[in-house]
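Visitor: I'll drop the sequence and a predicted model, then ask my questions.
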Amino acid sequence: MCVDIIKEKFIMEYQFYKDFYKKSFLCVLTLGILTAFVFFFLSFFFEDFIIQQANNIAEQMVDGNKEEPTNVQKFLSILLNNLFVGGMIILCGFIPIYGLPFIYGFLSFASVGIITGYGVIMEHNILQAMIIGFVPHAIIEIIPILYSVAVGMYVNKNMIYKVFFRKKKSVKTKELLKRGTTSYMLIIIPLFFLSALVEAFITSRLVDIYL
């Protein structure tokens, strides 16, 4: 009985995704990839700054005598951080400023572009580094990030309609909160959990062996 209820909720969530989330999901994915390429090429214009910052970070790591966190500690840190970010993306949708949830999506892709540019500038084997240190968990992690943005944009659009256009058909705030919570629990939490698990226990191990 419980399995049937869960299955029904996932079916309803998928239908809601097709009706309301899909367009925003694909939009931020497409524009995000373009953003990553733009920031990748822009990073070469700030080569000196990037090298200086990299050296500062390296010095801080050498000077610090902190113990290396365990895989479990890494997992909990990554999971809590991602869950916080996902929740904040959805919640910022309640602020009636159009497009706020999109900003984090673009920042995520921009950071990928900058990090890739950094790898090239520092003459690392960027392809190997990306495949080993980024791809295993990123292909999972990017889905809940994009999904959070899509949910946030759904909330955001309804709040814009409610505040500025007084549309009678706009969804009530209580229903928006319920919908956001449902999507967060069904899709975002499990996927962030899985990506944190992969990053802490698999990616970190691959990095230790091959990088």
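Guide: Yep, that arrived.
Visitor: neighbours of the nearest residue to Gly152 once chain neighbours are set aside, just the number please.
Guide: Nearest residue to Gly152 in three dimensions, chain neighbours excluded: Pro101, at 2.9 Å (C-beta to C-beta, 6 or more residues apart in numbering). Where C-beta positions appear, they are placed from N, C-alpha and C, glycine not excepted. By the criterion of other C-beta atoms under 10 Å, Pro101 has 25 neighbours.
Visitor: show me what contacts Pro101?
Guide: Contact analysis of Pro101 by C-beta atoms under 8 Å, 6 or more residues apart in numbering lists Ile89, Ile90, Cys92, Gly93, Ser148, Val149, Val151, Gly152, Met153, Val155, Asn156.
Visitor: what's the pLDDT at the most centrally placed residue in the chain?
Guide: The structure's the chain has its C-alpha centroid closest to Ile145; by C-alpha atoms, centre = their mean the separation is 3.2 Å. Looking at Ile145, its pLDDT is 95.
Visitor: and Val112, how far from Val155?
Guide: In this view, Val112 and Val155 are 26 Å apart by C-beta to C-beta, to the nearest Å.
Visitor: also Phe165?
Guide: Distance from Phe165 to Val155, counting by C-beta to C-beta: 15 Å.
Visitor: who has more neighbours out of the two?
Guide: Using other C-beta under 10 Å as the criterion, Phe165 and Val155 rank with Val155 on top: 26 against 9.
Visitor: element containing the more buried one?
Guide: Under the criterion of DSSP states H and E, Val155 resides in helix 135-160.
Visitor: helix or strand right after that helix?
Guide: Moving toward the C-terminus from helix 135-160, the next helix or strand (DSSP H and E) is helix 173-183.
Visitor: quick one: distance of that next one to the chain centre.
Guide: In terms of C-alpha atoms, centre = their mean, to the nearest Å, the centre of helix 173-183 is found 20 Å from the chain centre.
Visitor: then stretch 202-211?
Guide: Relative to the centre of its chain, stretch 202-211 is centred 22 Å away, using C-alpha atoms, centre = their mean.
Visitor: just the CA trace of that stretch, in PDB.
Guide: The C-alpha coordinates for stretch 202-211 follow below in PDB (Å, rounded to 0.1, in the frame of the first residue of the first chain):
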ATOM      1  CA  ILE A 202      34.100   7.300  -5.100                       C
ATOM      2  CA  THR A 203      35.400  10.600  -6.600                       C
ATOM      3  CA  SER A 204      37.700  11.200  -3.700                       C
ATOM      4  CA  ARG A 205      39.100   7.700  -4.000                       C
ATOM      5  CA  LEU A 206      39.600   8.100  -7.800                       C
ATOM      6  CA  VAL A 207      41.400  11.400  -7.100                       C
ATOM      7  CA  ASP A 208      43.700   9.800  -4.600                       C
ATOM      8  CA  ILE A 209      44.600   7.000  -7.000                       C
ATOM      9  CA  TYR A 210      44.900   8.700 -10.400                       C
ATOM     10  CA  LEU A 211      45.600  12.500  -9.700                       C
END
